[in-house]
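J.: prediction below, plus the sequence it came from.
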Amino acid sequence: MRTIPFFLLLLFTVALTNISSARQLHFATAEHHSPEQQDPYRSRFFNVKGIPELSVFTPSGDIEVIHNPDINGVFVELYVKRGFSIWSGSKSLDNYRIILSQNRNFITASVEKKQASSGYFGSDEIQFKFVVQTPVKITSNLRSMSGHILLDGVEGRQFLQSDAGNVNLINSKGELSLVSSAGSVFMKNNQWLIQVKSIAGDVILEKNTGETRIRTISGNIQASEYSGSFICATTSGNVDLSFMQIREGVFLETISGNVTIELMNLQGLDIHSESMKIDVDQLPASYISGKRSNGRATNLKLGDGEIPVNISTISGTVHIKQKAN
């Protein structure tokens with residue numbers, strides 16, 4: 001029997017290790033969880049007077065920012081996950097610049113790569129994770145080039161962006177902006193103004209209130225138990241909304257997808273729809289106070305018909321229904 005050379009066996013083992021790590025990273029989520037490394041690589045507590053302005057950046061890995069009611073400053077922990085390198089036996093941090101700094105109320109926590117990777121199979125691949133505890137009122141700018149982002153329980157102006165990962169925002173209120181290039185956006189129990197831009201991923205909301213504006217290229221938009229005004233547009237995706245209450249107005253647009261509006265409370269709506277078909281069979285007949293169609297356009301009055309709702313889909317159907325008991 002021919003013996004496999006040791007060097008080839010080593011390469012095969014490393015390849016399997018890299019595949020396994022990639023799968024674990026792919027299925028990682030930005031929910032609260034303890035990092036694999038028990039102790040942080042670096043940590044620092046920043047005393048602040050007033051509202052902290054937090055900026056966090058990592059080229060690879062997750063960011064979690066969580067409100068802690070028991071602290072008056074900002075506590076930053078950086079975790080590092082290093083794989084195996086054929087050449088040196090361990091991944092090196094020499095190619096990275098790590099910054100944990102403070103300038104008055106402005107806090108910076110970032111990891112930056114000093115130079116581009118050489119591209120060989122033994123090149124640098126390190127996963128970083130920031131876990132940050134803050135007071136309830138903060139201003140934040142959070143960005144990961146390859147990882148998930150979670151922001152939980154804060155108030156103020158927030159900006160979250162992931163180039164290749166999910167963006168999660170829960171229990172927060174203020175002016176909230178989220179951007180995802182290749183991942184989904186999840187929002188729950190948020191208030192006030194929410195703005196979302198997504199290229200390839202779904203946008204999912206649950207129990208949010210206020211004003212929401214969403215633009216996505218290839219993804220579905222879904223909201224449940226929503227209250228407020230809602231403006232959204234998607235190129236290739238469905239729009240599926242469940243409303244507790246429509247307060248000001250709704251503007252929904254999709255090119256190749258269906259639009260579904262589920263009403264939890266029968267309030268007065270003035271609906272203008274541009275679509276292939278509009279389906280109102282699941283509404284009570286007494287709730288429909290007027291309906292007029294002209295080609296693709298349909299004007300539909302529900303109840304006293306006060307609040308405007310505008311819907312447009314090029315190749316889809318509009319469904320308007322009452323929530324089943």
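T.: Arrived safely, thanks for sending. Numbering: from 1, shown residues only.
J.: flag the helix or strand of the chain with the lowest per-element mean pLDDT.
T.: helix 6-26 (a mean of 35; mean pLDDT, DSSP states H and E).
J.: strand partners (parallel or antiparallel) of the helix or strand just after that one?
T.: Downstream of helix 6-26, the next assigned helix or strand under DSSP states H and E is strand 42-46. Within its sheet, strand 42-46 is paired with strand 74-82 (antiparallel), according to DSSP bridges.
J.: just the buried residues of the partner strand, please?
T.: By neighbour count with 16 or more other CB atoms under 10 Å, strand 74-82 contains the buried residues Val74, Val76, Glu77, Leu78, Tyr79, Val80, Lys81. Bear in mind the C-beta positions are built from the backbone N, C-alpha and C, glycine included.
J.: other SSEs contacting the helix or strand following it?
T.: Sequence order places strand 96-103 as the next helix or strand after strand 74-82, per DSSP H and E. Contact here means 3 or more CB pairs under 8 Å, 6 or more residues apart in numbering; DSSP states H and E; on that basis strand 96-103 packs against strand 42-46, strand 74-82, strand 106-113.
J.: now strand 96-103: buried residues?
T.: Tyr96, Leu100, Gln102.
J.: mind pulling the model confidence for Glu125?
T.: Looking at Glu125, its pLDDT stands at 72.
J.: now swap in Arg82 and tell me
T.: On pLDDT, Arg82 comes in at 78.
J.: pretty sure it is touching Asn95, no?
T.: No. Judged on CB atoms under 8 Å, Arg82 makes no contact with Asn95 at a distance of 11.9 Å.
J.: okay, and the beta partners of Asn299?
T.: His272, Arg292.
J.: for this protein, which strand is longest?
T.: For the chain, the strand that runs over the most residues, judged by DSSP state E, is strand 239-254.
J.: ok, that strand: who's next to it in the sheet?
T.: Counting by DSSP bridges, strand 239-254 is paired with strand 221-234 (parallel), strand 259-263 (parallel), strand 307-313 (parallel).
J.: any buried residues in it, and which?
T.: 239-244, 246-247, 249-250, 252-254.
J.: out of those, which one has the lowest pLDDT?
T.: Gly249 (83).
J.: how about the contacts made by the spatially closest residue to that one that is not a sequence neighbour?
T.: Of all residues beyond its chain neighbours, the one nearest Gly249 is Pro308 (4.7 Å), with distances taken as CB to CB, 6 or more residues apart in numbering. The contact partners of Pro308, by CB atoms under 8 Å, 6 or more residues apart in numbering, come to Gly249, Val250, Leu269, Asp270, His272.
J.: residues in contact with the fourth one?
T.: For Asp270, the contacting residues are Asn299, Leu300, Lys301, Leu302, Gly305, Glu306, Ile307, Pro308, Val309, taking CB under 8 Å, 6+ apart as the criterion.
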